[in-house]
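In: make a model of this:
(2 chains)
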Amino acid sequence: MTPAELAALVRDCVGAAVAAGDLSVAVPGEVVVERPKKPEHGDYSTNVALRLAKPAGRPAREVAEFLAARLRDADGIAGAEVAGPGFLNITLAADSLGSLARVIVEAGDGYGRSRELAGARINLEFVSANPTGPVHLGHTRWAALGDSLHRLLEAAGADVAAEHYVNDFGSQMDKFAASLYAAAQGRPVPEDGYHGDYIADVAKQVVDLQPGILELPEAEALELFKAAGEAQMLQLLRTSLERFRVSFDVWFSESSMHDEGRVDAALDRLREQGHVYDADGAVWLRTTDFGDDKDRVLVRSNGEKTYFAADAAYYIDKRGRGFDKCVYMLGADHHGYVGRLKAIVACAGDDPEQTIEVLIGQLVKLVRGGEELRLSKRAGTIVTLDEFVDLVGVDAGRYSLARWSADTPLTLDIAEITKHSNDNPVYYVQYAHARTCNAKRNAAEVGIGLDVFEPDLLTSPYEAALLTALGEFPRIVATAAELRAPHRVARYLEDLAAAYHRWYDNCRIIPQGDDEITAVNRTRAWVNDATRIVLANGLGLLGVSAPERL
RNA sequence: GCGCCCGUAGCUCAACGGAUAGAGCACUUGACUACGGAUCAAGAGGUUGCAGGUUCGAGUCCUGCCGGGCGCGCCA
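Out: Prediction:
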């Protein structure tokens, strides 16, 4: 019996109690069944009685007793007890709990996927690094979390587009072009330009591709440097991110919106909605109508459209493409932008509470030997994604960033996250997976495969603990997707790995010495394989490899 | 000044409003006749920043303080 089936059974018991007149209450749409922290609280527990007590006008423990009495008579239930203020603790019969192993093995890659978010069309925008420099550490946290969230949302059944916005319009691109031009001529880059070593590299690549560029008039050369430099930078961004196993469905160019008149069209739309006005020679959006602390400029008095205008157009474009939820993942230094974003949405006639969601990620610091890693020679800024990957590797890097909730400021110690030992959660989980693979190989060698399955033989408490942990996976995935919290998957995998290691220490798959191979051993091979599948599926959601050998 | 985020064990951090607040590291002590021990078992470690409030129940929600981070351009 899966937890979902048990939850449905509990709900049926509520329905039966109501029908019999024991309770007078509306049957809840969904009942939640959890794995209790303490094993003495049963395989599963539910707080449904506590929740129903008030509407039913009865003490919670009494409600729980009505349900317990019905549950005890149901198939697959070994026991149901009322505990504490009114919790209902449920123990499953061994064969009922053990049958889960077969369910998981048969589901394979599909185990953990659900239809919870089916029908949702979600636009997920993250990283959005400017094409004027490398991906840096601040983006990297979102690269890991955003890509994991992408995978999670799809696993929960949502229709998702991962999108990288390219700010290739405006004054910073002119500075970028000027920096490249200066570097190509061997002059020092302008004071307000971009100073990293990569500028010289990109400039050289542009000159190599277009040998005559330095002979052109300056204005023409700058235009070419801008266009070709951007193309080079985008290639670098893409390469860095792909190496980190992060991919985007759409790279969305800001300047393309300007070129195609879509910014003007968006401004017209906002004007029609009645929130645009002219003052001081500029065009404004009345965002104060929707809680912003001041109105914002869309078109400057010199005629140039602002970043903000393009963002409004971008939002309207996303909605035009059919997304009903636009998720923005921003760094903590951009949180001041949230109010304005919501105002854009409201000005466009949508409800910000419905159509956008802004996730704010706190800062990441890297330390080594107690000292913060600060300057990157290469980028002239803080540590880059490539340097981070060089330092810790993709698996440790992704796992370490995905393991913590985004709204916690994070300090990562290089020495700690690269240790190849149980000090390091990523290796702990990967080792558990490698161990399942190794156990499977060894079992196969002595003739134990997936042939005999007698789940009533899975009677060890270590078995029960492992099986209930395996049963939790689909709910963990769905919850992590709904709460936009990939770190829940990582924490769960650590729990599961621990339950597996304990089980492995106590329940042998291959008998010791010359002992005979029994149906218990053969059935345990299923449990081992189910664990292998869940660990692999979970690591996959985090973009971390699941090696068969370490 | 205004706004957002954070404050949990010595350290890094968990905990859909649920049971005695949990892991890992570090510290102390065990299990190596080991299906790869990169593992497992045990111990110690807490007034969840402070003070009120809401309720069957608060680390979690509300109010006010204290401390830290970040942001408040016709920049992007």
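In: is it fair to say A:Ser45 lies in a strand?
Out: Yes. Per DSSP: H, G, I helix; E, B strand; the rest coil, A:Ser45 lies within a strand segment.
In: need the contact list for it.
Out: Contact analysis of A:Ser45 by Cβ atoms under 8 Å, 6 or more residues apart in numbering lists A:Val33, A:Glu34, A:Arg35, A:Pro36, A:Ala83, A:Phe87, A:Leu88, A:Asn89, A:Ile90. Yep, even glycine has a C-beta here, placed from its N, CA and C like the rest.
In: how many residues are close by the first one?
Out: The number of residues packed near A:Val33 is 25, by other Cβ atoms under 10 Å.
In: could you pull up phi and psi at it?
Out: Dihedral angles of A:Val33 (phi, psi; degrees, to the nearest 10) stand at phi -110, psi 130.
In: surely it is in contact with A:Glu5?
Out: No. If you go by Cβ atoms under 8 Å, A:Val33 and A:Glu5 don't touch, sitting 9.4 Å apart.
In: just to revisit the earlier point, okay, the contacts of A:Ser45 in a markdown table with distance to RNA strand B, secondary structure and pLDDT next?
Out: Formatted as a markdown table, those follow (distance: Cβ to the nearest atom of the strand, whole Å; DSSP: H, G, I helix; E, B strand; the rest coil; pLDDT from 0 to 100):
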| residue | distance to RNA strand B | secondary structure | pLDDT |
| --- | --- | --- | --- |
| A:Val33 | 9 | coil | 90 |
| A:Glu34 | 6 | strand | 89 |
| A:Arg35 | 9 | coil | 89 |
| A:Pro36 | 4 | coil | 87 |
| A:Ala83 | 4 | strand | 89 |
| A:Phe87 | 3 | strand | 91 |
| A:Leu88 | 8 | strand | 93 |
| A:Asn89 | 5 | strand | 93 |
| A:Ile90 | 9 | strand | 95 |
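In: weed out the non-buried ones from the residues you listed.
Out: Listed as buried from the contacts of A:Ser45 are A:Val33, A:Glu34, A:Arg35, A:Pro36, A:Phe87, A:Leu88, A:Asn89, A:Ile90; burial here means 16 or more other Cβ atoms under 10 Å.
In: how about the helices of the stretch 201-350 of chain A, start to end?
Out: Taking DSSP state H, counting those that start in this stretch as the test, the helices found in the stretch 201-350 of chain A are A:218-243, A:254-259, A:262-272, A:307-320, A:338-347.
In: residues contacting the shortest one, please?
Out: Okay, so that is helix A:254-259. Contact with helix A:254-259 is made by A:Tyr165, A:Val166, A:Asn167, A:Asp168, A:Phe169, A:Gly170, A:Val263, A:Lys305, A:Ala310, A:Ala313, A:Tyr314, A:Asp317, as judged by Cβ under 8 Å, 6+ apart.
In: which ones among those also lie next to RNA strand B?
Out: Restricting the contacts of helix A:254-259 to those near RNA strand B by Cβ under 7 Å from any atom of the strand leaves A:Asn167, A:Phe169, A:Gly170.
In: please compute how far the helix or strand of chain A with the lowest mean pLDDT lies from its chain's middle.
Out: Every helix and strand in chain A was compared by mean pLDDT, DSSP states H and E; the lowest is strand A:371-372, with a mean of 72. Distance of strand A:371-372 from the chain centroid (Cα atoms, centre = their mean, to the nearest Å) equals 28 Å.
In: now the end-to-end length of stretch A:296-313.
Out: 14 Å (Cα to Cα, to the nearest Å).
In: circling back to that earlier point, how about the ones next to RNA strand B among the contacts of helix A:254-259 in CSV, adding neighbour count and secondary structure?
Out: What follows is those, written out as CSV (neighbours: other Cβ atoms under 10 Å; DSSP: H, G, I helix; E, B strand; the rest coil):
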residue, neighbour count, secondary structure
A:Asn167, 18, coil
A:Phe169, 19, coil
A:Gly170, 17, coil
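In: what's the closest of those residues to A:Ala227?
Out: Distance to A:Ala227, by Cβ to Cβ, is smallest for A:Phe169 among those, at 12.2 Å.
In: residues contacting the closest one?
Out: A:Phe169 makes contact with A:Glu254, A:Ser255, A:His258, A:Ala310, according to Cβ under 8 Å, 6+ apart.
In: show the buried residues in these.
Out: Buried by 16+ other Cβ under 10 Å: A:Glu254, A:Ser255, A:His258, A:Ala310, out of those.
In: now for the residues you listed: which two are most distant?
Out: Comparing every pair within the buried ones among the contacts of A:Phe169 by Cβ to Cβ identifies A:Ser255 and A:Ala310 as the most remote, at 8.8 Å.
In: now the strands: where do they sit in the stretch 51-200 of chain A?
Out: Ranges of strands within the stretch 51-200 of chain A are A:77-83, A:87-92, A:121-125, A:159-166, based on DSSP state E, counting those that start in this stretch.
In: again, but for the stretch 301-450 of chain A
Out: Applying DSSP E, counting those that start in this stretch to the stretch 301-450 of chain A gives strands spanning A:325-331, A:356-361, A:364-368, A:371-372, A:410-413.
In: please identify the residues of the stretch 1-150 of chain A in proximity to RNA strand B?
Out: Within the stretch 1-150 of chain A, the positions near RNA strand B by Cβ under 7 Å from any atom of the strand are A:32, A:34, A:36-38, A:41, A:45, A:47, A:50-51, A:53-54, A:60, A:83-87, A:89, A:130.
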